[in-house]
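Engineer: Pasting the sequence and the predicted coordinates here, then a few questions.
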Protein chains: 2
Amino acid sequence: MDDMDRKILRVVQNDSTASIAEMADAVGLSHTPFWRRLKKLEAEGVIRERVAILDAEKLGLGITVFANVKLRQHDEDTLEAFEREVAEFPEVVECFSMSGETDYVVRALVRSIEEYERLLKRKLLHLPGVVAINSHFALKCIKLTTRLPV
Amino acid sequence: MDDMDRKILRVVQNDSTASIAEMADAVGLSHTPFWRRLKKLEAEGVIRERVAILDAEKLGLGITVFANVKLRQHDEDTLEAFEREVAEFPEVVECFSMSGETDYVVRALVRSIEEYERLLKRKLLHLPGVVAINSHFALKCIKLTTRLPV
DNA sequence: TATGAAACGCCATCCCC
DNA sequence: GGGGATGGCGTTTCATA
């Protein structure tokens, strides 16, 4: 993982539609060594996947909600069950266990407030161990990127 | 935007390395009409971009922080300046303006707690209008996906 | 107007230097 | 790390209903 590898990562995380030849001379390498390094980074798992990023707004998913989840009990089994189940909701795009007051932060994408109410009341609140959920609605997305600072 | 388009979107947001032919018969279409629909979805901006997703851990970016930001004043100029500047930090991968107590939620990726301290004290706290920042560290990533529920 | 088939040209991939 | 060859695929055009 030298400077050239980092250069390559910056290029591919910006746009993976470009051809090998284009990306190669963007980083100042001929196509073969560039390709070899790329494959190595993929094999090592530094490059996890290549995906298309969709526009949530254009798909009608206009509402972003942050849900702060508190659990009643913190035994291994409850945590494991909660984590497994919360990850399965397609509306949940992000979930972290946290230090501090709230046990989990969940970011969910829904079409409307009513849809969130259903998600919350019928699903999230029934997840293993959940005692309380504090929901906050996003007013506006300032930044949301998949680009990591390499 | 019919069911077939949604099928296509599900496929490309899962893995954009597959060939047109593979994806086409994954959705039950021959490659030409698949290709045309794909181009249309790109032109409409429903498909925003195609990128490589990197592994933050493997790049040493092991610390995820959620920073809840409160502003002193909420005039147009202050908001606009804050939003423009916060988006420029490469460590900030996510920022939403919020309803409720906190004005902005920021998710940042750093290599260490010390690095976060520097980011917080030297940069975030000096952003336009900021009066207080409440930081919470993620203990574990349960889910983090770019796949939208289509 | 939407689909299927075929041809062309480029690019990812592999071999060797 | 670089250059060359090749097989396959994306792209385009034509044909079809």
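Structural biologist: Received the coordinates, thanks.

Engineer: Does chain B have contacts with the helix or strand containing A:Glu115?
Structural biologist: Element membership of A:Glu115, judged by DSSP states H and E, is helix A:113-118. No: using C-beta under 8 Å from any C-beta of the partner chain, helix A:113-118 never reaches chain B; the gap is at least 10.3 Å. Yep, even glycine has a C-beta here, placed from its N, CA and C like the rest.

Engineer: can you check stretch A:87-101 too?
Structural biologist: Yes: using C-beta under 8 Å from any C-beta, we find that stretch A:87-101 touches chain B at A:Ala87, A:Pro90, A:Glu91, A:Val92, A:Val93, A:Glu94, A:Cys95, A:Phe96, A:Ser97, A:Met98, A:Ser99, A:Gly100.

Engineer: If you average the pLDDT over that stretch, what comes out?
Structural biologist: Stretch A:87-101 shows an average pLDDT of 97 in the prediction.

Engineer: can you check stretch A:104-115 too?
Structural biologist: Mean per-residue pLDDT for stretch A:104-115: 98.

Engineer: Over to stretch A:15-31?
Structural biologist: Rounded mean pLDDT across stretch A:15-31 is 93.

Engineer: Any idea how far it is from the middle of the chain?
Structural biologist: 26 Å (C-alpha atoms, centre = their mean, to the nearest Å).

Engineer: How about stretch A:53-65?
Structural biologist: Computed by C-alpha atoms, centre = their mean, the chain-centroid distance of stretch A:53-65 equals 14 Å.

Engineer: same thing with stretch A:104-123?
Structural biologist: From the chain centre to the centre of stretch A:104-123 is a distance of 17 Å (C-alpha atoms, centre = their mean).

Engineer: Show me what counts as buried in that stretch.
Structural biologist: Neighbour counts over stretch A:104-123 (16 or more other C-beta atoms under 10 Å in any protein chain shown) mark A:Tyr104, A:Val105, A:Val106, A:Arg107, A:Ala108, A:Leu109, A:Val110, A:Glu115, A:Tyr116, A:Leu119, A:Leu120 as buried.

Engineer: go on, stretch A:135-150?
Structural biologist: Neighbour counts over stretch A:135-150 (16+ other C-beta under 10 Å) mark A:Ser135, A:His136, A:Ala138, A:Ile142, A:Lys143, A:Leu144, A:Thr146, A:Leu148, A:Pro149, A:Val150 as buried.

Engineer: avg pLDDT for it?
Structural biologist: The model assigns stretch A:135-150 a mean pLDDT of 98.

Engineer: wait, does stretch A:135-150 make contact with chain B?
Structural biologist: Yes: Stretch A:135-150 reaches chain B (C-beta under 8 Å from any C-beta) through A:136-150.

Engineer: list the contacts for A:Gly129?
Structural biologist: Shown in contact with A:Gly129 (C-beta atoms under 8 Å, 6 or more residues apart in numbering or on different chains): A:Leu71, A:Arg72, A:Gln73, A:His74, A:Thr78, A:Leu79, A:Ala81, A:Phe82.

Engineer: quick one: is the helix ranked longest in chain A near DNA strand D?
Structural biologist: When chain A is parsed with DSSP state H, its longest helix is helix A:31-44. Yes: using C-beta under 7 Å from any atom of the strand, we find that helix A:31-44 touches DNA strand D at A:His31, A:Thr32, A:Pro33, A:Arg36, A:Arg37.

Engineer: Count the residues that sit near the second one.
Structural biologist: So that's A:Thr32. 10 (other C-beta atoms under 10 Å in any protein chain shown).

Engineer: coming back round to it: generate JSON lines for the residues of helix A:31-44 next to DNA strand D, with distance to B:Ala52 as supplementary columns.
Structural biologist: Formatted as JSON lines, the residues of helix A:31-44 next to DNA strand D follow (distance: C-beta to C-beta, whole Å):
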{"residue": "A:His31", "distance to B:Ala52": "17"}
{"residue": "A:Thr32", "distance to B:Ala52": "20"}
{"residue": "A:Pro33", "distance to B:Ala52": "18"}
{"residue": "A:Arg36", "distance to B:Ala52": "16"}
{"residue": "A:Arg37", "distance to B:Ala52": "13"}
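
Engineer: Many thanks, have a good one.
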